[in-house]
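Visitor: just a sequence and a predicted model for now, questions to come.
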Amino acid sequence: MNNSIPRDFNNFDIIGDIHGHSNDLKKLLSALGYTQKNNVYQHPERKVLFLGDYIDRGVNVVEVLAIVKAMVEQGHAIALMGNHEYNAICYNTMAADGRYLREHSKKNFNQHAITMAAFMQYPQLYKMYIEWFKTLPLFYENDQFRAVHACWDPKSIACLQERLVNNCLTTDMLEEASNEETDLFDAVETVLKGKEVRLPNEGTFIDKDGVLRTKFRVKWWDRPVKATFRDLSASYVRDMADESMDIDDISFYTADEKPVFFGHYWMKIKEGEVASILTKNSCCLDYSVAKDGKLVCYRYTGEQDLHSQNIKYIR
């Protein structure tokens, strides 16, 4: 990865989950003033920070990866790892006992099937991108802001800072990171997939992909005024309980911390409304491009109080 971007540089266009939607990406980059020179999108004064999840769901995975990788290698972007890239690494990596780190179950196959199909005629290219995914950092921080795919959790970030090399997992760490009994597993799961809490009364729900779930994603960026399951949930779950719960063990992002940007949470732009920040120092940039939503960007220039008018997308 090109690490030539100075720590005090803050003219970033921060882009959320792309999921194989290259046409949306090209339109957004063009609208932001990026032009292609030598087949690489670039801007004279700005760089892109991609928040991960480049693959799966959309069919133009190969083109998305080509655009992102070229921008990174030429110093015009930073690309973070998303949970889908991590899942792809584990799906293609064997443990010492001969099992894949990510089970080749029907659910996991279906999640990755579109990407594998896109590379069916290019098996060596697929292997190359799996190796490239391993070079993607799990988080980014400079003097002004932070960025992560799913959750900025101090305990998890501290664990990763002690273990990772340039904020990246090494091949030697993968088996440990896939072991549910390790601290590294907890840290990777949290930053790439978010905090989760088990539903009360052994409840379950079907998620957007038709998968039965027993846990829901926590709204970690904003401590709820009322500590109920419904208020804590980052997304709508039908029949979510309104009963109170103990949240003392959950760490929430506080108002005095640096701005933080993340994706992962499938936000929606309601009819007649626009995309907006979540709190004055937190902004989710996943607006469900893979579910008829928008590919969204925040144009950041160093401000500590974020503004919704800096969120840009093709309307």
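Guide: That came through, no problem.
Visitor: pLDDT value on the residue nearest the centre of the chain, please?
Guide: By C-alpha atoms, centre = their mean, the chain has its centre lying nearest to residue 149, at 2.7 Å. With respect to pLDDT, residue 149 scores 98.
Visitor: now swap in residue 270 and tell me
Guide: Residue 270 is assigned 86 on the pLDDT scale.
Visitor: also residue 58?
Guide: pLDDT recorded at residue 58 is 94.
Visitor: in this structure it contacts residue 118, no?
Guide: No. Contact criterion C-beta atoms under 8 Å: residue 58 and residue 118 do not qualify, at 9.1 Å. Any C-beta I mention is one placed from the backbone N, CA and C, and that applies to glycine too.
Visitor: show me where the stretch 151-300 of the chain has its helices.
Guide: 154-163, 174-177, 183-193, 229-232 (DSSP state H, counting those that start in this stretch).
Visitor: just give the nearest non-adjacent residue to residue 26, would you?
Guide: residue 67 (7.3 Å; C-beta to C-beta, 6 or more residues apart in numbering).
Visitor: what sits against the one you found?
Guide: Applying C-beta atoms under 8 Å, 6 or more residues apart in numbering, we find residue 67 in contact with 22, 25, 26, 29, 41.
Visitor: do the same with residue 97
Guide: Residue 97 makes contact with no residue under the criterion C-beta under 8 Å, 6+ apart.
Visitor: any idea how far residue 134 is from it?
Guide: 21 Å (C-beta to C-beta, to the nearest Å).
Visitor: with adjacent residues omitted, what lies nearest to residue 16?
Guide: With sequence-adjacent residues excluded and distances taken as C-beta to C-beta, 6+ apart, residue 16 is closest to residue 285, at 3.2 Å.
Visitor: my guess is that neighbour meets residue 12, correct?
Guide: No. Residue 285 lies out of contact with residue 12 (C-beta under 8 Å); the separation is 11.6 Å.
Visitor: thinking again about what came up before, dihedrals phi and psi, the residue nearest to residue 16?
Guide: Torsion angles at residue 285 (phi, psi; degrees, to the nearest 10) stand at phi -120, psi 20.
Visitor: what does the host helix or strand of residue 88 contact?
Guide: Assigned by DSSP states H and E, residue 88 falls within helix 83-91. Here helix 83-91 makes contact (C-beta under 8 Å, 6+ apart) with 19, 52-56, 100-102, 104, 108, 111-112, 115, 130, 133-134, 136, 149-150, 174, 178, 188, 192-193, 264.
Visitor: among these, which lie within helices?
Guide: Among the contacts of helix 83-91, the members falling in helices are 108, 111, 112, 115, 130, 133, 174, 188, 192, 193 (criterion: DSSP state H).
Visitor: closest one to residue 45 out of those, please.
Guide: Distance to residue 45 across the ones in helices among the contacts of helix 83-91 (C-beta to C-beta) is lowest for residue 133, with 29.1 Å.
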